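Asks: sequence-free structure coming up:
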């Protein structure tokens, strides 16, 4: 019986000691990141290799957001654009690129973001679009939605 009491006491003491050290580690990691506004740099990248918004884009966003010195992290799956704001004294653009390309065994390829601008129409293109030949007419079948009130009155 004494042996069982000693084992229980040692187990409870070990659990309390382990919980206390986890709490101390979490408090050390929970310190806010100190980033000065004058040191913030914006970086935009195009990321190839993403296949979904929740798995790929969210994972990249979370991984970069967890790096020391990152103030903002967002990845748009549909446009393949990644936007990051970071402290240039704590982190470099090369480190961010290396981190992204290291996720998922090198599945993602990072390149500089280039804004995609639609070409403007020239005068000849705008006059050609007004031709009757280039217009297409579409007719949709028409239908009427019955008045529910009238329908119910007729049923009575």
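Replies: Received the coordinates, thanks. Predicted model, so just to flag it, every value in this text is computed and none were measured.
Asks: Can you pull the poorly scored residue ranges out of the chain?
Replies: Residue ranges of the chain with pLDDT under 70: 8-9, 12-33, 116-134, 140-149.
Asks: can you map out the helices along it?
Replies: Applying DSSP state H to the chain gives helices spanning 2-29, 58-65, 93-102, 123-128, 148-155.
Asks: got a list of contacts for the last one?
Replies: It refers to helix 148-155. For helix 148-155, there are no external contacting residues (C-beta atoms under 8 Å, 6 or more residues apart in numbering). Quick note: C-beta positions are derived from backbone N, CA and C, even for glycine.
Asks: can you pull the buried residues of the lengthiest strand in the chain?
Replies: In the chain, assigned by DSSP state E, the strand with the most residues is strand 40-48. For strand 40-48, burial by neighbour count (16 or more other C-beta atoms under 10 Å) applies to 43, 45, 47.
Asks: Turn those residues into JSON lines, including distance to residue 68.
Replies: Compiled in JSON lines, the buried residues of strand 40-48 are given as follows (distance: C-beta to C-beta, whole Å):
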{"residue": "43", "distance to residue 68": "16"}
{"residue": "45", "distance to residue 68": "19"}
{"residue": "47", "distance to residue 68": "21"}
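Asks: from those residues, which is closest to residue 5?
Replies: Proximity of the buried residues of strand 40-48 to residue 5 was ranked by C-beta to C-beta; the top entry is residue 47 with 59.5 Å.
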